[in-house]
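[1] I would like the atomic coordinates for the input below:
(chains A and B)
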Amino acid sequence: MSPKTLYDKIWDAHLAHEAEDGTCLLYIDRHLVHEVTSPQAFEGLRMTGRTVRAPDKTIAVPDHNVPTTLDRANAATMTEDSRVQVEALDKNAKDFGIHYYPVSDVRQGIVHIVGPEQGWTLPGMTVVCGDSHTATHGAFGALAHGIGTSEVEHVLATQTLIQKKSKNMKVEITGKLRPGVTAKDITLMVIGETGTAGGTGYVIEYCGEAIRDLSMEGRMTVCNMAIEGGARAGLIAPDEKTYEYVKGRPHAPKGAQWDAALAWWKTLYSDDDAHWDKVVTIKGEDIAPVVTWGTSPEDVLPITAKVPAADDFTGGKVGAAQRSLDYMGLTPGTPLSEIEIDTVFIGSCTNGRIEDLRAAAAILKGKKKKDGIRAMVVPGSGLVRAQAEEEGLAQIFIDAGFEWRLAGCSMCLAMNPDQLSPGERCAATSNRNFEGRQGRGGRTHLMSPAMAAAAAVTGRLTDVREMM
Amino acid sequence: MDKFDKLSGIAAPMPLVNIDTDMIIPKQFLKTIKRTGLGVNLFDEMRYDADGNEIPDFVLNKPQYRDASILVAGDNFGCGSSREHAPWALADFGIKCIVSTSYADIFYNNCFKNGILPVVLPQEQVDLLMKDAEKGSNARIEVDLTAQTITTSDGDVIAFDIDPFRKHCLINGLDDIGLTMEKAASIDAFEAQAAQSRPWV
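    Residues are numbered from 1 along each chain as shown, chains lettered A, B, ... in the order given. This is a model prediction of the structure:
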């Protein structure tokens, strides 16, 4: 048998049909659904008299629109159009008989946090969702990617996707990370190196000692942003940490099925002599705590660097960099650590898990946010929130002057009331610093939870290593 | 789905690289439960000021480009979110064809589901079409999907590649779901086999 990558193996195990021209039907094991990209798909099913082929493999949760304030049970906290979308999901989940975690359920949260937490996401699966950050689930060695609404309808109706195979890309992070450097710094650094289109046409497998050393939460952070590098999906081969994380979760296999699953999962790795179409290698020790300065996730620099000038770039990036500098209100040559911020947002499918909250709380313990800074923590799920309360993290955030919110996507994309005002500058643990992403005119700097916590204390972008 | 075969139209130049789907259709317009009506909000935050007035310098607000049906854009067009609202907004505005050196993967797929042809060309040829687009409404560009060619207003013919299956679906306006359902026997067989080999799924 010819050597295969992990991606090749998962692909081959899910090929339901291959046409002569190479167009394939890939079988989908898990379809995650949220309220924003699904109403038109369910409407399409109704109009054509179609049904959901595999409701048992379809899991829905509202997350993008939902308010995260403590009074959200009051419908008045939502705008009319947001409420209509959430209610449409309530109805669609009921009508089509799919698994559902409504806003009132403690298990509700961001779809990419709920899936793994409930054991829906397992190694070797194909997982899709009408959301680009579906790449998160790749941390389990699952082939997971975002799809559009037409494809959501296609998966609902057929449990398959029409696909062409992507190429294989290996991103290896060798050796150990230095203190203060986290999974977020790895994933931002990779995008900084390869650019936002560097992964286009590829599925990335992340490997190397620094990746192996990461917890499952850290691995999810790395894979989450594979899409920001343009890749269809990001993958990490499952290992003991993966099995340990999965075991005992509500929808994980049990008993004899667990043993059978484990036996197969242990075959899910890239063969030594597998073919890679592209390889990127980064030394773990070369990665510093980083922040973004511009309006593309590739605009990444170590916190010790200075704001670049447009002429530092070439080609189309010169104009884009100038536009970014203007939008962000930054002067070339300014040390990044002198940039003052107004707001801190800790949360999102990138960094809204328990480990992220622990990292931020470790910095904030016994400290207060700077006066005048607006700071909020939005746990990724109701269960993450409960755990953080049990561990005493919530109290640390509250004592530091942070708002302690309910679960949702919140200010990552500002579809709910959590938004930036024009010119407001935010240290954010989310995944996109696009123009207007967190609110029209809002200015976003992406970073790790520990770095965001440090920024809250000083009121400026800060090298977290100074506080460790 | 609308069929796409031939198109003759005005091309609007958008040389900016990394135009993301948040720019194409900002999140406040994702709260719709319909596919239509988003054209008026296409590029909303670049096109209107905070009071909702048109920004005259924005390309689609210029008189010569208000009826554009083609966009010539910088690298990596459509990066970011998977929102199909981006091609819905483009199609609703009247954009039927985009030309760039590269697209983000999900956006590229989404275009084909909505009767939009995203053409990939090398930088030199994108530059040529960008210059042609900058001439304004006197410059009509012809796109012929059957022949896989774009003809500039000066009569230069540029050939492009496209996946044969996607081309077939676009020309005939085919419904993907209908096509896949014709293969239901293969899906049934796969499911039966997977229930044996991976019963925990």
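
[2] neighbouring strands for the longest strand along chain B, and are they parallel or not?
    In chain B, taking DSSP state E as the definition, the longest strand is strand B:6-14. Take DSSP bridges as the rule and strand B:6-14 pairs in its sheet with strand B:70-73 (parallel), strand B:140-144 (antiparallel).

[3] could you pull out the buried residues of the helix or strand where B:Gln193 lies?
    Using DSSP states H and E, B:Gln193 sits in helix B:184-197. The neighbour-count check on helix B:184-197 (16 or more other Cβ atoms under 10 Å in any protein chain shown) flags B:186-187, B:190-191, B:194 as buried. Bear in mind the C-beta positions are built from the backbone N, C-alpha and C, glycine included.

[4] using CSV, write out every CA atom in it.
    Provided in CSV are the C-alpha atoms of helix B:184-197 (Å, rounded to 0.1, in the frame of the first residue of the first chain):
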residue,chain,number,x,y,z
ALA,B,184,-28.5,7.7,-3.4
ALA,B,185,-27.6,4.0,-3.9
SER,B,186,-23.9,4.8,-3.4
ILE,B,187,-24.7,6.8,-0.2
ASP,B,188,-26.9,4.0,1.1
ALA,B,189,-24.2,1.4,0.4
PHE,B,190,-21.5,3.6,2.1
GLU,B,191,-23.7,4.1,5.2
ALA,B,192,-24.4,0.4,5.5
GLN,B,193,-20.7,-0.4,5.2
ALA,B,194,-19.7,2.4,7.7
ALA,B,195,-22.3,1.1,10.2
GLN,B,196,-20.3,-2.1,10.2
SER,B,197,-16.7,-0.7,10.2
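
[5] just the mean pLDDT for it, thanks.
    Per-residue pLDDT values over helix B:184-197 give a mean of 97.

[6] and the longest strand of chain B, what's buried?
    B:7, B:9-14.

[7] who touches that strand?
    B:59-60, B:64-65, B:67-74, B:96-97, B:99, B:117, B:129-130, B:132-134, B:136-137, B:139-146 (Cβ atoms under 8 Å, 6 or more residues apart in numbering or on different chains).

[8] make it 7 Å
    B:59-60, B:65, B:67-74, B:96-97, B:129-130, B:132-134, B:137, B:140-144 (Cβ atoms under 7 Å, 6 or more residues apart in numbering or on different chains).

[9] so A:His145 bridges to which residues?
    Where A:His145 sits in a bridge, its partners, by DSSP bridges, are A:Val128.

[10] mind giving me the packing neighbours of the helix holding B:Gln193?
    strand A:15-18, strand A:24-27 (3 or more Cβ pairs under 7 Å, 6 or more residues apart in numbering or on different chains; DSSP states H and E).

[11] chain B: which of the ones you listed is closest?
    If you check each of the helices and strands packed on helix B:184-197 against chain B by Cβ to the nearest Cβ, strand A:15-18 wins as the nearest, at 3.9 Å.

[12] what pairs with the closest one, and is each one parallel or antiparallel?
    Strand A:15-18 has these strand partners (DSSP bridges): strand A:24-27 (antiparallel).

[13] let me see the mean pLDDT of the strand it pairs with.
    Mean predicted confidence for strand A:24-27 is 98.

[14] now what about that strand, what contacts it?
    Against strand A:24-27 from outside (Cβ under 7 Å, 6+ apart): A:14-18, A:126, A:159-165, B:180, B:183, B:186-187, B:190, B:194.

[15] list buried residues within the residues you listed.
    A:14-17, A:126, A:159-163, A:165, B:180, B:183, B:186-187, B:190, B:194.

[16] the residue in the stretch 351-468 of chain A positioned nearest to chain B: what's it in contact with?
    Using Cβ to the nearest Cβ, A:Phe434 is the residue of the stretch 351-468 of chain A that sits closest to chain B, at 4.3 Å. Listed by Cβ under 7 Å, 6+ apart, the contact set of A:Phe434 reads A:295, B:20, B:22-23, B:80.

[17] excluding its backbone neighbours, what's nearest it?
    The shortest distance from A:Phe434 to any non-neighbouring residue, by Cβ to Cβ, 6 or more residues apart in numbering or on different chains, is to B:Asp22 (4.3 Å).

[18] so who does the one you found touch?
    B:Asp22 neighbours (Cβ under 7 Å, 6+ apart): A:434-437, B:80-81.

[19] for A:Val52, same thing?
    So A:Val52 contacts A:58, A:96, A:98, A:156 (Cβ under 7 Å, 6+ apart).

[20] which ones are touching the closest residue in space to it that isn't next to it in sequence?
    Spatial nearest neighbour of A:Val52, chain neighbours left out: A:Phe96 (4.5 Å); criterion: Cβ to Cβ, 6+ apart. Neighbouring residues of A:Phe96 by Cβ under 7 Å, 6+ apart: A:42, A:51-52, A:55.
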